[in-house]
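> One predicted model, sequence on top.
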Amino acid sequence: MKKGVSFLVAVAFMALASFLTSAFDPSPLQDICVGINDPKNAVFVNGKFCKDPNLTVADDFFYQGLKNPGDTQNLVGSNVTFATIEQFPGLNTLGISMVRIDYAPYGVNTPHIHPRAAEIFTVLKGTVLAGFVTSNPEHRFFSKVLNKGDVFAFPVGLLHFQYNIGHTNAVAIAALSSQAPGVITIANTTFGSNPPINPDILAKSFQLDKKVVQYLQARFQ
């Protein structure tokens, strides 16, 4: 009898331990979410309200937004076209998304972070230098020159970039492991925040003259 009771206690303990180790808070799909008691002023979190399955059609899972080249006539010479939950509602709850990146010659998809997604990047045309940097304190830099058909992976949350090192246009696609991966472009976020970050803070952080910081802030505002 005692052996039977001990066995049941052991099973119950293991079940509880398993539940505790597998329990976790789901990753947020938005940058901020302040608690609120009045549902009238609340928004839906981690996705969107679902369409009635009986009203769902094939077009809900179809998107043509990536077939056309993006406009690269800008200061960085690149353009990112998104296929995330905002453009493609059929991705809701699937945990995936995709982007198309077009590059002018020597165009760059500037250093940025996806806070909620890892990325797998594939070159369709041209020659692209891709790289990422690991977190503190090592700051290890991994990079690779990619040609048509080559694939490179960017771990979740790490600073990364792509640079067209060819004399002609380049095109790539990337799949991301979130329907809402988010993007933090380092230069725009740092020097173009609203309201601006105190230039004294940035001057000390980047070891720059305050006038240089103010010039950069004026460029990105």
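Looks like it came in fine.

> Report the central residue of the chain.
Nearest to the geometric centre of the chain sits His114, at 2.5 Å (CA atoms, centre = their mean).

> Give the closest residue to it in space, chain neighbours not counted.
Distances taken as CB to CB, 6 or more residues apart in numbering place Pro181 nearest to His114, at 4.3 Å, with adjacent residues excluded. Placement of C-beta: from N, CA and C, glycine included.

> show me the residues around that neighbour that make contact.
84, 97, 114-117, 119 (CB atoms under 8 Å, 6 or more residues apart in numbering).

> go on, Leu91?
83-85, 97, 179.

> Closest one to Leu66 out of these, please.
Proximity of these to Leu66 (CB to CB) peaks at Ala83, which lies at 5.7 Å.

> Give me the distance between the residue lying closest to that closest one once chain neighbours are set aside and Pro89.
In space, and not counting its chain neighbours, Ala83 is closest to Met98: 4.5 Å by CB to CB, 6+ apart. According to CB to CB, to the nearest Å, Met98 and Pro89 sit 14 Å apart.

> Who has more neighbours out of these two?
Per other CB atoms under 10 Å, whichever of Met98 and Pro89 has more neighbours is Met98, with 20 against 14.

> who does that one bridge with?
Counting by DSSP bridges, Met98 is bridged to Ala83, Ala175.

> Can you list phi and psi of Ala58 for me?
Main-chain torsions, Ala58, degrees, to the nearest 10: phi -60, psi -30.

> Hmm, Ser178 is touching Gly95, no?
Yes - Ser178 is within contact range of Gly95, at 6.1 Å (criterion: CB atoms under 8 Å).

> Between those two, which is the more surrounded one?
Neighbours were counted for Ser178 and for Gly95 using other CB under 10 Å; Ser178 has more, 22 against 16.

> What sits closest to that one if chain neighbours are left out?
Nearest residue to Ser178, sequence neighbours excluded (CB to CB, 6+ apart): Ala117, at 3.9 Å.
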